[in-house]
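S.K.: Please work out how this folds:
(one chain, ligands or ions: 3)
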Amino acid sequence: MLLPNILLLIGLCVVYALAQPTTEDYEGVAQPRIYSPDSQTLDYVYHNHDEMTRFLRATSARHPNLTALYSIGKSIQGRDLWVMVVSSSPYEHMIGKPDVKYVGNIHGNEPVGRELLLHLIEYFVTNYHTDPYVKWLLDNTRIHILPSMNPDGYAVSKEGGCDGAQGRYNARGFDLNRNFPDYFKQNNNRGQPETDAVKEWISKIQFVLSGSLHGGALVASYPYDNTPNARICRSSALCAMFQSYSSTPSLTPDDDVFKHLSLTYANNHKKMSRGVACKSAFPAFEKGITNGAAWYPLTGGMQDYNYVWYGCMEVTLEISCCKFPPAQELRRYWDDNQLSMIKFLAEAHRGVQGFVIDASGIPVERASLKIKGRDVGFQTTRYGEFWRILLPGVYKLEVYADGFIPKEVDFVVVEQHPTLLNVTLQPGKRSDGPHFRPFVAPPHYRPQPERDQGIFSSISNGLNGLYNSIFG
Ligand SMILES: *[C@@H]1O[C@H](CO)[C@@H](O)[C@H](O)[C@H]1NC(C)=O
Ligand SMILES: *[C@@H]1O[C@H](CO)[C@@H](O)[C@H](O)[C@H]1NC(C)=O
Ligand SMILES: [Zn+2]
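M.R.: Numbers count the residues shown, from 1 in each chain. Ligands and ions are numbered 1, 2, ... in the order given. Modelled structure (predicted):
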């Protein structure tokens, strides 16, 4: 009797300690502005890492049935990479229901997404009991929100800095959105702690849908970001310059789905779908969407990695022409993006979902699945679950698992609701059938020592660097 009481007491103390704001851990020496994590409404200002941490802790303490706070790791300078889950089941995966995510601030000097994600958290928890749509979304989805993937970069960024690269990189100078394994080309950039934490995270939770928030443009940009053709520019600086201004699209087999997801964001946004250029020298994007490589190709991006390795459909959302606009504009950004941010996540409930089980009803983990004609595969979870976002139409699902006879199943997807599809596999000899991406690492994805790539390559990299720091 005594022991449980003591444990309870310790537990309460920990919860209390976590929920209490501390005053001694402000960054720098400047007098902190008045910030009360207990106020019921989040203010429209930029929150530094400690303020953000306090907001997240206070919110999770106030809404224990709707939120859970965890850290996926630390930045180089030791800041936690916080993830807030918002769901009616914050602590446990709901079997059969999708997990989705938003990642903000991968570029430290693009913090509008970081703030909007805090507002999204606040919006969800305060509207759950009154807004049936929010309740439906949180009852049927686990939403994981990483407001800042690059808190060190944010700490050295400057409010009002619309262009430029100060704060874009992590504390070792790496661009985190060029730091992932790449399907098309070998990526020689050494893996950074922030990237490693995200890779580990998405290997543990099977995310169905994801948005990565950036600034510096106004467009929803979808995979692929890289292209097999970009390699030709290793031999000619002229080629690199030409390519920067006339890139060709690099389309996935799920191009219809990616266009749809991008349009869902753009069309629900107050301005994005108008496709107006941010500045006269900048590109204008028809309907507010673009293929990533058609805009400009890049190696090591996060969205291609999510899609090719884990079957997670990620879209890059560029939500502000100015990378770090003044705080007084944040309310307008929230108004512009609020509906988009919510409607985009709901798209996880479109397409096909179900379970792969064996003849006795036991779930089959790591079965390889593919929609026929779409050669990027995905896998079942430990509960045998799978999800795939698809537009209305007639499809064939191919299922392979070791020890079972491969199976093909026809199904139909309609607009109104996801198609529920259970697949029962019969035992068979070890399958040597096709293995789908991402389960076989592409041939070029081998860690190799860095080589001197020659003068033309550095010129080409220089151009890319220039281009990259202009846009988000
Ligand atoms: C959380 O849920 C439990 C069980 O349904 C309920 O008893 C409790 O009052 C809820 N707490 C809050 C803060 O809503
Ligand atoms: C599919 O399988 C799951 C898990 O075994 C089960 O809960 C569900 O009722 C099944 N659905 C259909 C439509 O058979
Ligand atoms: Zn960016």
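
S.K.: When you work out contacts or count neighbours from here on, use the C-alpha atoms and nothing else.
M.R.: Noted.

S.K.: Verify the stated contact: residue 120 with residue 338.
M.R.: Yes: if you go by C-alpha atoms under 8 Å, residue 120 and residue 338 touch, sitting 7.4 Å apart.

S.K.: Quick check: closest non-adjacent residue to residue 417.
M.R.: Residue nearest to residue 417 in three dimensions, not counting chain neighbours: residue 350, with 6.5 Å by C-alpha to C-alpha, 6 or more residues apart in numbering.

S.K.: burial measure for the one you found, as a count.
M.R.: Here the count is done by other C-alpha atoms under 10 Å, and residue 350 has 20 residues near it.

S.K.: per-residue pLDDT, it?
M.R.: At residue 350, the predicted lDDT confidence score is 98.

S.K.: Could I get the contacting residues of it?
M.R.: Going by C-alpha atoms under 8 Å, 6 or more residues apart in numbering, residue 350 touches 388-391, 415, 417-418.

S.K.: Determine which two of these are furthest apart.
M.R.: Greatest spacing in the contacts of residue 350, by C-alpha to C-alpha: 388 and 415 (14.0 Å).

S.K.: So for those two, which residue has more residues nearby?
M.R.: Applying other C-alpha under 10 Å to residue 388 and residue 415 shows that residue 388 carries more neighbours, namely 25 against 12.

S.K.: If we ignore the residues flanking it in sequence, what's nearest the more buried one?
M.R.: Going by C-alpha to C-alpha, 6+ apart, residue 388 has residue 352 as its nearest residue, at 5.4 Å.

S.K.: Test my guess that the one you found contacts residue 418.
M.R.: Yes: at 5.4 Å, residue 352 counts as touching residue 418 under the criterion of C-alpha under 8 Å.

S.K.: Please identify the residues of the stretch 351-472 of the chain in proximity to ligand 2?
M.R.: Counting by C-alpha under 6 Å from any ligand atom, the residues of the stretch 351-472 of the chain lying close to ligand 2 are 355, 420, 422.

S.K.: Filter those residues down to the ones in strands?
M.R.: 355, 420, 422 (DSSP state E).

S.K.: By neighbour count, which of these wins?
M.R.: residue 355 leads those on contacts (other C-alpha under 10 Å) with 24 neighbours.

S.K.: Name all residues that make contact with that residue.
M.R.: 96, 363, 380, 383-386, 421-423.

S.K.: let's go with 7 Å and repeat that
M.R.: With contacts defined as C-alpha atoms under 7 Å, 6 or more residues apart in numbering, residue 355 is in contact with 384-386, 421-423.

S.K.: Which pLDDT value goes with it?
M.R.: 98.

S.K.: Disregarding flanking residues, what is the spatial nearest neighbour of it?
M.R.: Nearest residue to residue 355 in three dimensions, chain neighbours excluded: residue 385, at 4.4 Å (C-alpha to C-alpha, 6+ apart).

S.K.: Assess the claim that the one you found and residue 354 are in contact.
M.R.: Yes: Residue 385 lies in contact with residue 354 (C-alpha atoms under 7 Å); the separation is 5.7 Å.
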